[in-house]
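K.L.:
Fold the stuff below for me.
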Amino acid sequence: MLADSFEATLAKQHKRILAICRRILGETGESEEAAQDTFLKLHRHWREMEGDVGPWLTRTAVNTCLDRRRSPRRSVELVDLADRRPGPAELAEIAQRWARVKRALAALPERERAAITLRDIEGFTTGEVAALLETTEGTVRSQIAAARMKLRRLL
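P.N.:
Numbers count the residues shown, from 1 in each chain. Here you go, the predicted model:
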């Protein structure tokens, strides 16, 4: 029964955790490894878990991504946008816009990037972001405001 519950949680949360990792790391291979590490950590702690594991998973994913960003052995990969093309007519414009956004996000300090990703892209509340990043709501607001200003200049 415990394995079934873990499998159900994995199926339910995988896309969301992978999306968070991709937005923070921006690199397909690295983000997939971070998501996998997050679920390995969940598996190790599964018997201790009670209630909704979503917030724990999110914080663990963010921390795993931030740890990977700091790691000197981090591999560098390029995202292959050609694999995600919706259609040839719109592809060039979409790809250019997405590349600009990714470059701009990558240029942000990691705490600002994590805060704005969780708040503006993932839709968490400021309080939830503060809890996930283990900081105050005021700090999160400052990080988001600074990140938005920098993104406006970069985009």
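
K.L.:
What are the neighbouring residues in contact with Thr38?
P.N.:
Neighbouring residues of Thr38 by C-beta atoms under 8 Å, 6 or more residues apart in numbering: 17, 21, 57, 60-61, 64. For glycine as for every other residue, the C-beta is placed from the backbone atoms N, C-alpha and C.

K.L.:
next one: whichever helix or strand Arg153 is part of to chain centre, how far?
P.N.:
Element membership of Arg153 [criterion: DSSP states H and E] is helix 137-154. Computed by C-alpha atoms, centre = their mean, to the nearest Å, the separation of helix 137-154 from the middle of its chain amounts to 17 Å.

K.L.:
buried stuff in stretch 120-129?
P.N.:
122, 124, 126, 128-129 (16 or more other C-beta atoms under 10 Å).

K.L.:
for stretch 43-57, that is, sorry about that
P.N.:
Here stretch 43-57 shows 53, 56-57 as buried, counting by 16+ other C-beta under 10 Å.

K.L.:
quick one: contacts of that stretch?
P.N.:
Stretch 43-57 is contacted from outside by 2, 6, 9, 13, 17, 38, 42, 128, 131-132, using C-beta under 8 Å, 6+ apart.
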